[in-house]
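Chemist: need coordinates for the below:
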Amino acid sequence: MAKLYFYYSAMNAGKSTALLQSAHNYQERGMSVLLMTAAIDNRVETGKIASRIGISAEASLFDKNTDIMQLVKAQPKALSCILIDEAQFLTKQQVYAISEVVDKLKIPVLAFGIRTDFQGELFEGSQALLAWSDKLVELKTVCHCGKKATMVMRVNEQGIPVKEGQQVEIGGNDRYVSVCRKHFKEAVRD
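Modeler: Next comes the predicted model:
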């Protein structure tokens, strides 16, 4: 039975690595997969899912206007699985569409993303995935204190926490640090 899975975490927990490993497992058995990533994410190379440990794969791009159901139906081969990186950037309507892919087309969808932004607020895609997924899986990473990191803190060029700004600002380790809730609150407190 096909299901919608949401693998979520703070940054640097290995989401892309887990996604690429899942894709490899399907492909190794001769199954066709569709890899998708957000067009807005240009940290490495547009149209590529890349892990910090050095593995990568080409992916179809999505933005807020992408009709995911049409994208899936247009694939040349029958799909065994759809894997979505940067799923926090999906719209609520796109999450509904991937739930339709699961329910009507019987294709499992594995979505990987960050739960909250640098202000502790849910991303639209993450909120919908938390509500509608069949299975939620937290991938864990560690704060500098050794506790589980559950929050993402944006920092400036000097490493000072940023408290205000647009929800979406693409960046890597130079702009974001994963921390526990205690250290998040200490850093953003006025």
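
Chemist: now for residue 150: which residues touch it?
Modeler: Contacts for residue 150 (C-beta atoms under 8 Å, 6 or more residues apart in numbering) come out as 10, 115, 180-181, 184. The way it works is simple: take the backbone N, C-alpha and C, and place the C-beta from them, glycine included.

Chemist: the chain: strands as residue ranges?
Modeler: Counting by DSSP state E, the chain forms strands over residues 4-9, 33-38, 48-50, 56-58, 60-62, 81-84, 109-114, 135-138, 141-142, 148-149, 151-154, 176-179, given from the N-terminal end onward.

Chemist: hey, least reliable of the ones you listed by pLDDT?
Modeler: Sorting the strands of the chain by mean pLDDT places strand 48-50 lowest, at a mean of 76.

Chemist: can you tell me what sits against that strand?
Modeler: Among residues not part of strand 48-50, those counted as contacts by C-beta under 8 Å, 6+ apart are 16, 19-20, 35, 37, 43-44, 56-59, 85.

Chemist: same question for stretch 120-135.
Modeler: Stretch 120-135 is contacted from outside by 3-6, 8, 87-92, 94-96, 99, 102, 111, 113-117, 136, 151, 167, 184, 188, using C-beta under 8 Å, 6+ apart.

Chemist: buried subset of those?
Modeler: For the contacts of stretch 120-135, burial is judged from neighbour counts taken by 16 or more other C-beta atoms under 10 Å, and it is met by 4-6, 8, 87-91, 94-95, 99, 102, 111, 113-117, 151, 184, 188.

Chemist: could you report the pLDDT at residue 96?
Modeler: According to the per-residue confidence, residue 96 scores 97 in pLDDT.

Chemist: for residue 36, give the beta-bridge partners.
Modeler: Beta bridges link residue 36 to residue 60, residue 84 when assigned by DSSP bridges.

Chemist: contacts only, for it.
Modeler: 59-62, 68, 71, 82-85.

Chemist: shaky segments in the chain?
Modeler: Along the chain, the model assigns pLDDT under 70 to residues 41-45, 162, 164-174, 190.
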